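Engineer: here are the coordinates; sequence isn't available:
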């Protein structure tokens, strides 16, 4: 490739990136639709192998997802709503305990000055808001009415996601074949190999890690509800979502569950032992069964890289960036792995800044 062609490619990539950045407000439903189509393609392929046409396979997958969503809306959301209201009402009691017991103990142990903690104003804010539920609802309704166009645009994007997903899922194999036909013939094998590795990593994360998170959320929620914890469903699901980062779900979940159990059961040790047992079983299942079976070692993202990718995606592209952060990071990891291999084989890596003992220049020592 000549220098002029390189600059032309760089300019094209820069222009494409700039255009995507400008179109981000309308690209969100399309990106989510692509993500859902990618997730559903293996299911449709299996239904095609069973004799269904591509279109009816897509309809069956959409019916399955719609049924699951309906079950969540009918059963899970009301329970979560009640627990969120209970948590909101519990907040002043938590502040009382912090102010009267926990923080004075910390103040004595650390030798802090009197009046170091100021929780009265925060407590008054929570207590005042508890009696203003109708005011909050009226404010939300007035804001929704004032920004009616924005609300309609948001609903339009939400309704656009399943439409985009349906058509992409129906024509997925055709689109992939057409894109492959556009690849340079001399580089087709290399590009297809890279895409295959990216597909393996993405499959391991999107289908494996998400299933692990879902399974852990169910295990934690059911276990905490069985021991009678009022906030068991909410804490269990949050712990499952936090499991996207290794060990974070365990730390967040067991900490929140122990605090909730202390407030609900007082000093009774048996609920606390039950909480510890639930999260111990969850960790054993994750380490010995779920992760090896569903994910394996194909992702290889460091926990710090996971946290950075999620925060960077949210900062740059909002909620859509959070959804796409880890898949994009996984693809970048695959590409960096190949760049690393090329660097190890290059003359730059094999060069030495010092001569050998005979005064001559050192030979390149790249790997064989």
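Structural biologist: Good, I have the coordinates. Predicted model only: the values in this text are computed from it and were never measured. Numbering: from 1, shown residues only.
Engineer: where does the chain have low pLDDT?
Structural biologist: The model of the chain has pLDDT under 70 over residues 1-3, 112-151, 295-303, 319-320, 323, 351-368.
Engineer: Select the longest helix from this structure.
Structural biologist: helix 303-345 (DSSP state H).
Engineer: right, and the helix or strand after it?
Structural biologist: Remark: after helix 303-345, the chain's next helix or strand is helix 347-350, criterion DSSP states H and E.
Engineer: picking that back up, which helices and strands sit right next to the longest helix of the chain?
Structural biologist: helix 24-49, helix 188-203 (3 or more C-beta pairs under 8 Å, 6 or more residues apart in numbering; DSSP states H and E). Quick note: C-beta positions are derived from backbone N, CA and C, even for glycine.
Engineer: Using a markdown table, lay out the ones you listed together with distance to residue 274 and mean neighbour count.
Structural biologist: A markdown table is the format used below for the helices and strands packed on helix 303-345 (distance: least, C-beta to C-beta, whole Å; neighbours: other C-beta atoms under 10 Å):
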| stretch | distance to residue 274 | mean neighbour count |
| --- | --- | --- |
| helix 24-49 | 35 | 17 |
| helix 188-203 | 36 | 15 |
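Engineer: TSV for those, including distance to residue 239?
Structural biologist: Below are the helices and strands packed on helix 303-345 laid out as TSV (distance: least, C-beta to C-beta, whole Å):
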stretch	distance to residue 239
helix 24-49	23
helix 188-203	25
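Engineer: looking at those, which is closest to residue 311?
Structural biologist: Of all the helices and strands packed on helix 303-345, helix 24-49 sits nearest to residue 311, with 17.6 Å by C-beta to C-beta.
Engineer: quick one: the following helix or strand past that closest one to chain centroid distance?
Structural biologist: The C-terminal neighbour of helix 24-49 among helices and strands, as given by DSSP H and E, is helix 54-71. Centroid separation for helix 54-71 versus its chain: 23 Å, with C-alpha atoms, centre = their mean, to the nearest Å.
Engineer: what angle sits between helix 54-71 and helix 24-49?
Structural biologist: Helix 54-71 and helix 24-49 meet at an angle of 110 degrees, taking axes from the mean of the first three to the mean of the last three C-alpha atoms, to 10 degrees as the criterion.
Engineer: Return the list of helices and strands in contact with the next helix-or-strand element following helix 54-71.
Structural biologist: From helix 54-71 onward toward the C-terminus, using DSSP H and E, the following helix or strand is helix 77-97. Applying 3+ C-beta pairs under 8 Å, 6+ apart, one finds that helix 77-97 contacts helix 120-130, helix 232-242, helix 248-265.
Engineer: possible to save those helices as CSV with distance to residue 338 and mean neighbour count?
Structural biologist: Shown next, in CSV, are these (distance: least, C-beta to C-beta, whole Å; neighbours: other C-beta under 10 Å):
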stretch, distance to residue 338, mean neighbour count
helix 120-130, 52, 12
helix 232-242, 32, 23
helix 248-265, 30, 19
